[in-house]
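*Asks:* sequence unknown, structure follows:
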């Protein structure tokens, strides 16, 4: 009796493995398709106000070089003209035009793939001048202080100089008089120019770079750091703390050579917002351009050939069977009760918009409100279909209230409430009511807790990006999922909950 | 799998939910036969054809419009029962024991007005209590006056007998006694008491309330053990015939004992619960296996199956 099911499961597993092996061995797919690579979505937006004269806004934007690849650039310029210019090592986006009194919102976005592992050879830069404000006296002071490191290799020289920011000058300590003069110099020119002077005195080419920290973030201000040439490559140095960034430095430069990232002529820029977000799908698009060109069967039938919008849907959709597998496990192996069979999966899908925390909160809130009203409505003796309709209306009404509250308190997650499956919630309220009436509140709460746990676990699975990509690249993994579902379908052993249910039998007999 | 074969549950011969579903219900209960047990009206008509007694039917209400003539029909009866044809787990059943002016009296003395009663019937018709929320019809049946044998251990309501029948062989039975908590209903999950029955002599053995073993009825205080179930042999035969009637190999047969009419078939269940094992303090697996190993000739008639059950299952050799 059990054999055909097991054979089917084995066949499904073999099929899944065979297709994956084919892709890996013959089509040269990466074995770990989900190894995270660094692809970022950069976006900037700001509001410009101008006067009667023509306003010009110049903002440094990243461009493709050996360390990074920039793609999918999008510009928002409204009524202004937009141009891209090269200025030395920088690429500048220039927005210009006459603005009306309300001003204009400008924006820029692009996808950046950072390629840190490639050490790219650049021509050694020439040693630049001292910072413009530093006079002869300061120059000779810097020279005296840096002299003792002359014999060291450039990278070590940099480290010694960086250490001076924290007050470590090493042995032998510099002349007390010079040290005092240096403190005065730092106060006068600022930490950054003092560091630059010292680097120049130590014959280390250096430049000031403005940019952003490479991290999921939204910020109003850019970051400034110093890049120092140590013979082979540029190393990045924090200008105040004197710390050298670990390589590869988690930094994205916008402008170098001391050029400010943002310049405005005849105008004013406000509400500048820089946002960086990790992106994985674009990395895959870059990675799988080969697939797009390949005429092999599985390449031609790859999900990567779908338009991007539909790809997103499939990334989630392909994981839904795992959610179902979870439910199989919890119900048939553990014996955990849930409302309906796939209701937790639908909840988990909806939680993608609200987030888990708010999702569960809203879920609990709506079911509670629904339950109270359902109890009260019972006295009215409404017929089934109209009664369910009343509950449905109530659910939609609660959504509206939640959304309005979300708007009031600026909680986007609450506003996303409308995407929760309201029909499912309506049926959940009805079921919750019937279970509490027939089997008690405890049973009702237990079932609600079960559903919430399954929804939370499923949500985490759906959220797991590496898994999303793995299934997207190897959709045949669904055969393997089905194999496990078949196996659970033939599991006729006890559920964990039955050990509790029948525990009384063990004692007396 | 260690969870299935080496556990104490298996040693006690307990049948688990997964195994019940996969090995017995899915294997022996063809889906096409489910309507025969899910709809009490169909069950009743089938039972008639097989000469199995059921509580006499007064009236069937199929449409909302039928309510109009109901008052006239009910005028002839002092007590009656209203139940949904497709209800599950005893939900939607209302017992009426008498009248007081224009109101009806429930077994616990509560009054129910004519309006409330018709609303309840509307609820039934719109499918509130039906298994899949389908439109339903309401049955109005004879009120059962239970045999007095369980009167001392019943807190109003009607006790019923459940017998699990496997491939036509009765393999285990229990009495379900209503309590105050279960509101006169004989459903274990509502708080009724389950009492195991010795297959051979029809005497009650252990009793279980919720998950704990008890010896006396919590409301009446009377002992539950060693009560002889009347018409026991007759009920075993009804149970065995219910298999011929439905073709369901794994079946729960629910019966009541009417004072005048004797045993009556109340309803059938294609997915009988596992709680009967707790009431009997014994697992179902052993008897299920014995039936599977029984010689084929015992399955020819309901009489041979009952005789075999009384001979083999009721006299364990171990």
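*Replies:* Structure received. This one's a predicted model, so the numbers in the text were calculated from it and none came from an experiment.
*Asks:* domain assignment for the chain?
*Replies:* As the question left the chain open, I've gone with chain A. If you go by automatic domain parsing, the domain ranges for chain A are A:39-120+A:259-282, A:136-255, A:320-463.
*Asks:* wrong one, chain B
*Replies:* Split by automatic domain parsing, chain B gives B:2-52+B:147-313, B:57-142.
*Asks:* worst average pLDDT in those domains?
*Replies:* Per-stretch mean pLDDT for these is lowest at domain B:57-142 (a mean of 86).
*Asks:* if we can go back for a sec, pick the most buried one from the domains of chain B.
*Replies:* Mean neighbours per residue, mean count of other CB atoms under 10 Å in any protein chain shown, is largest over those for domain B:2-52+B:147-313, with a mean of 19. Backbone N, C-alpha and C define where each C-beta goes, glycine included.
*Asks:* tell me, what residue is most central in chain A?
*Replies:* For chain A, the residue nearest the mean C-alpha position is residue A:278 (4.0 Å; CA atoms, centre = their mean).
*Asks:* that residue pairs with what?
*Replies:* As for beta bridges, residue A:278 partners with residue A:40 under DSSP bridges.
*Asks:* residues touching it, list them.
*Replies:* Applying CB atoms under 8 Å, 6 or more residues apart in numbering or on different chains, we find residue A:278 in contact with A:38-41, A:216.
*Asks:* same check on residue A:153?
*Replies:* A:230-231.
*Asks:* which residue does the stretch 401-509 of chain A bring closest to chain B?
*Replies:* residue A:493 (2.8 Å; CB to the nearest CB).
*Asks:* pretty sure that residue is touching residue B:18, no?
*Replies:* Yes - contact criterion CB atoms under 8 Å: residue A:493 and residue B:18 qualify, at 6.5 Å.
*Asks:* so how many other residues sit close to the residue of the stretch 201-350 of chain A found nearest chain B?
*Replies:* Nearest residue of the stretch 201-350 of chain A to chain B: residue A:332, at 5.7 Å (CB to the nearest CB). Other residues lying near residue A:332 total 19 when counted by other CB atoms under 10 Å in any protein chain shown.
*Asks:* in contact with residue B:291: list those residues for me.
*Replies:* Taking CB under 8 Å, 6+ apart, we find residue B:291 in contact with B:166-167, B:169, B:171, B:313.
*Asks:* try it again with 7 Å
*Replies:* Listed by CB atoms under 7 Å, 6 or more residues apart in numbering or on different chains, the contact set of residue B:291 reads B:166-167, B:169, B:171.
*Asks:* quick one: secondary structure of residue A:189?
*Replies:* Judged by DSSP: H, G, I helix; E, B strand; the rest coil, the three-state class of residue A:189 is helix.
*Asks:* what's the end-to-end length of stretch A:412-422?
*Replies:* End-to-end distance of stretch A:412-422 (CA to CA, to the nearest Å): 19 Å.
*Asks:* pull out the buried residues from that stretch.
*Replies:* Of all the residues in stretch A:412-422, those buried under the rule 16 or more other CB atoms under 10 Å in any protein chain shown are A:413-417, A:420, A:422.
*Asks:* and these as JSON lines, adding distance to chain B and secondary structure?
*Replies:* Shown next, in JSON lines, are the buried residues of stretch A:412-422 (distance: CB to the nearest CB, whole Å; DSSP: H, G, I helix; E, B strand; the rest coil):
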{"residue": "A:413", "distance to chain B": "33", "secondary structure": "helix"}
{"residue": "A:414", "distance to chain B": "32", "secondary structure": "helix"}
{"residue": "A:415", "distance to chain B": "33", "secondary structure": "helix"}
{"residue": "A:416", "distance to chain B": "31", "secondary structure": "helix"}
{"residue": "A:417", "distance to chain B": "27", "secondary structure": "helix"}
{"residue": "A:420", "distance to chain B": "22", "secondary structure": "coil"}
{"residue": "A:422", "distance to chain B": "18", "secondary structure": "helix"}
